[in-house]
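Colleague: Predicted model follows, preceded by the sequence.
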Amino acid sequence: MVLDCYRRAGKVVYKALKLALNLVEEDKPVLEICEKLEGFIINSGARPAFPVNISINQVAAHYTADIEDELTVPRKGIVKVDIGVHVDGFIADAALSIPLGVDYLELVDAAYNALVAAIRAMKPFKPLQEIGVVIEREITKMGFNPIRNLSGHLIDRYNLHAGKSVPNTGIGYPNVVSRTGEVYAIEPFATNGVGEVVEGNVVTIFRLSSLKRVKRDKKANEIIKKVWSSFRSLPFAKRWLARLIGRSQVDEVIAKLANYKAITGYPVLVERSAGMVSQMEDTIILASRRETINLTRAIEIYRELRYR
């Protein structure tokens, strides 16, 4: 049953990424892309594991459309589409970089090559640092830098980041090893910048971080219950919360829940030197020493896109 849920989630991610190829085009509103992809996930009988991320050019991660977002797809650059889906809490997570024009094809290829090599190298009982070595080697040999403070991650039920990290460089995590049966999202980020992200000023993604009752605030406790019922501990978009409680009070509620430390915000992450960023990601299951199951197959989608 568990494997079946993971496979179903992975299949929906794969189909959503294929749909994204048709949605991402010059001047298309990012809000429209996010909502169409999230709607597709729900109509497929699954749920988003986090808001669809559309991160463009120097933005590496954590950009989802705001309630009245006016951002559109540019004529040239890189659009990174990061999609998470869960079926009964079992999560599949994948990302695809879509190059607009030919200027950054090699940068996207670097992330793709790194992901292919990392999946090939990933085996049970292998130090995760060694995967970072593989990723770093593939990216740097093409003349780019891996983003060292972003990483892949162990996935568990209703838990996107379940403790272990898969680094994008050979530094760190020397004693952490993978185990049979574990599920990992491996996500190399490549850049022509310095290889580090910093937090931006935009925050449109949040997560419930505490179920502790708030003293003398019945309304806040009711909203916390609604959020838990709808999203559990998974990230949600500000626009999702607006649909849940009403647009007019969403900013006030977010500020109040943040003050109570009931929610955590995820600021947009941008490359520190304003370098262009590419990303590729797939979710795999380490079924055995001989079998690794790629649930999401983003690498197949990019291969078809690149060489069609």
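Modeller: Cool, the structure landed.

Colleague: Using the record, which stretches count as separate domains in the protein?
Modeller: 2-199+268-307, 202-267 (automatic domain parsing).

Colleague: could I get the top helix by length along the chain in CSV with only the CA atoms?
Modeller: If you go by DSSP state H, the chain has its longest helix at helix 2-23. Only the C-alpha atoms of helix 2-23 are listed here, as CSV (Å, rounded to 0.1, in the frame of the first residue of the first chain):
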residue,chain,number,x,y,z
VAL,A,2,2.8,2.4,0.9
LEU,A,3,4.7,1.8,-2.3
ASP,A,4,1.5,2.2,-4.3
CYS,A,5,0.8,5.6,-2.7
TYR,A,6,4.4,6.7,-3.6
ARG,A,7,4.0,5.5,-7.1
ARG,A,8,0.6,7.3,-7.6
ALA,A,9,2.1,10.5,-6.2
GLY,A,10,5.1,10.2,-8.5
LYS,A,11,2.9,9.6,-11.5
VAL,A,12,0.9,12.7,-10.8
VAL,A,13,4.2,14.8,-10.4
TYR,A,14,5.4,13.4,-13.8
LYS,A,15,2.2,14.3,-15.5
ALA,A,16,2.1,17.8,-13.9
LEU,A,17,5.7,18.5,-15.0
LYS,A,18,4.8,17.5,-18.6
LEU,A,19,1.8,19.9,-18.4
ALA,A,20,4.1,22.6,-17.2
LEU,A,21,6.1,22.4,-20.4
ASN,A,22,2.9,23.6,-22.2
LEU,A,23,2.1,26.3,-19.7
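
Colleague: Need the distance between the two termini of stretch 237-256.
Modeller: 16 Å (C-alpha to C-alpha, to the nearest Å).

Colleague: Okay, buried residues for that stretch please.
Modeller: By neighbour count, and taking 16 or more other C-beta atoms under 10 Å as the criterion, the buried residues in stretch 237-256 are 237-242, 244-245, 250, 253-254, 256. Just so you know, the C-beta spots here come from the backbone N, C-alpha and C atoms, and that holds for glycine as well.

Colleague: just checking, which of those residues belong to strands?
Modeller: In this view, the buried residues of stretch 237-256 that belong to strands under DSSP state E are Ala237.

Colleague: Let me see the ranges of the helices in the stretch 1-150 of the chain.
Modeller: For the stretch 1-150 of the chain, applying DSSP state H, counting those that start in this stretch gives helices covering 2-23, 30-43, 105-121, 128-140.
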